[in-house]
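**Q** Have a look at this prediction, sequence included:
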Amino acid sequence: MGRSYKLLSPADITTLWSRWQQGQTPVEISAALGCHQWTVGWHIERRGGLPPRERRRARQALTLAEREEISRGIVAGRPRAHDCSTPGAPTIDGEP
């Protein structure tokens with residue numbers, strides 16, 4: 001008979017790391033999450049005991065509004081030079 005595993009949701013993983021940083025053991029964390037302690041241990045071990053960094057976009061990356069504007073420009077058939085109304089903003093090629 002096989003084991004049944006619980007796939008941890010992103011919210012569960014956030015809870016796991018907050019409890020780990022508070023000093024709880026994998027056994028305590030697994031009891032709170034309703035999963036096996038090996039699952040908790042696996043998440044902790046694969047990150048070396050350090051929680052993952054918060055994801056952030058690079059400064060040079062286009063904003064959502066800029067990406068939408070470029071997308072609409074392409075659909076409308078406008079040349080790329082006119083896609084971004086912000087002077088100096090990067091285009092699809094990444095050039096200002």
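**A** Everything's here; your move. Numbers count the residues shown, from 1 in each chain.
**Q** Give the burial count for residue 40, as a bare number.
**A** 26 (other Cβ atoms under 10 Å). Every residue, glycine included, has its C-beta placed from N, CA and C.
**Q** which residue packs closest to it, ignoring adjacent ones?
**A** Counting by Cβ to Cβ, 6 or more residues apart in numbering, residue 40 lies nearest to residue 26, which is 4.2 Å off, once chain neighbours are set aside.
**Q** quick one, what contacts the residue nearest the centre of the chain?
**A** Of all residues in the chain, the one closest to the mean position by Cα atoms, centre = their mean is residue 55, 5.2 Å from it. Neighbour list for residue 55: empty [criterion: Cβ atoms under 8 Å, 6 or more residues apart in numbering].
**Q** Pretty sure the residue nearest to residue 40 sits against residue 41.
**A** Yes. Using Cβ atoms under 8 Å, residue 26 makes contact with residue 41 at a distance of 4.9 Å.
**Q** Between these two, which is the more surrounded one?
**A** residue 26 (20 against 15).
**Q** Roughly how far does the more buried one sit from residue 70?
**A** Residue 26 sits 46 Å away from residue 70, going by Cβ to Cβ, to the nearest Å.
**Q** How about residue 50?
**A** Applying Cβ to Cβ to residue 50 and residue 70 gives a distance of 37 Å.
**Q** Comparing the two, which residue is more hemmed in?
**A** residue 70 (19 against 10).
**Q** Can you tell me the SS state at residue 71?
**A** Using DSSP: H, G, I helix; E, B strand; the rest coil, the structure places residue 71 in helix.
**Q** That one: neighbour count?
**A** That count, for residue 71 with other Cβ under 10 Å as the rule, works out to 12.
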